[in-house]
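# no sequence on this one, just coordinates:
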């Protein structure tokens, strides 16, 4: 109560941040991650965005698990018809190794282990470089043979989306190592904390 004006409304300006902080501390007491009590919502949103980027990349690798065996098989048969035993043998090994690594990358992406993070950084980087190579080949092919421009127009938008998603994933994994390992911050914990703050209108 204001001593100068007993009829004035109770002052709540100073009490709101304190109550918000206490609410976060109460939330932290029931949470497996008490550090959220010291985080502002902007920091939480940034980490959630990075976690979403990593999760979205799983969709890319799921598609690769279906597409890559066909691409590898096509390469294998092309090398066989080249009538070179060395190239055919190399193509077969490359095909199987690539397929296995693709499925391993997709499978380990859910656990978010520290080893999985290292593998993901390498595999996502290789996929990004492969996509850039495809774009370069399409552009050069169009310059040399303008009739193939329709292929370039069809391929480049799709490959560009993959490159964009891979770039998001690599940046997120590099900048947010706390999302991986035994003491990782789980995606579900971030979602629950963010929804709690949204409902309570906490900043």
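Structure's in. What do you need? This is a predicted model, so every value here is computed, not measured.
# so where's this protein uncertain?
Residues of the chain that meet the criterion pLDDT under 70 lie in 1-35, 72-92, 201-203.
# what's near enough to touch the residue nearest the centre of it?
By Cα atoms, centre = their mean, the chain has its centre lying nearest to residue 54, at 1.7 Å. With contacts defined as Cβ atoms under 8 Å, 6 or more residues apart in numbering, residue 54 is in contact with 109, 112, 120, 169, 172, 173, 176, 179. Every residue, glycine included, has its C-beta placed from N, CA and C.
# any chance of these in CSV, plus distance to residue 127 and secondary structure?
Putting those into CSV (distance: Cβ to Cβ, whole Å; DSSP: H, G, I helix; E, B strand; the rest coil) gives the following:
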residue, distance to residue 127, secondary structure
109, 13, helix
112, 18, coil
120, 10, helix
169, 9, helix
172, 15, helix
173, 13, helix
176, 19, coil
179, 20, helix
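# from these, which is closest to residue 67?
The shortest approach to residue 67 among these belongs to residue 109, at 16.6 Å (Cβ to Cβ).
# now the closest one: how far from residue 190?
When Cβ to Cβ, to the nearest Å is applied, the distance between residue 109 and residue 190 equals 17 Å.
# please apply the same query to residue 41.
As defined by Cβ to Cβ, residue 41 lies at a distance of 11 Å from residue 190.
# more neighbours, the two?
Just comparing residue 41 and residue 190: by other Cβ atoms under 10 Å the higher neighbour count belongs to residue 190, 21 against 14.
# residues touching that one, list them.
Counting by Cβ under 8 Å, 6+ apart, residue 190 makes contact with 44, 47, 48, 51.
# out of these, which sit inside strands?
Secondary structure assignment (DSSP state E) places none of the contacts of residue 190 within strands.
# next, format these as CSV and append neighbour count.
Below are the contacts of residue 190 laid out as CSV (neighbours: other Cβ atoms under 10 Å):
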residue, neighbour count
44, 16
47, 20
48, 18
51, 23
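# now, among those, which is nearest to residue 148?
Closest to residue 148 out of the contacts of residue 190 is residue 51 (40.1 Å), distances taken as Cβ to Cβ.
# correct me, but the closest one touches residue 176?
Yes: using Cβ atoms under 8 Å, residue 51 makes contact with residue 176 at a distance of 7.2 Å.
# scan the chain for its longest helix.
When secondary structure is assigned using DSSP state H, the longest helix within the chain turns out to be helix 41-81.
# how far does that helix sit from the chain's center?
What separates the centre of helix 41-81 from the centre of its chain is 10 Å, taken as Cα atoms, centre = their mean, to the nearest Å.
# one more: stretch 140-159?
The gap between where stretch 140-159 is centred and where its chain is centred comes out at 28 Å by Cα atoms, centre = their mean.
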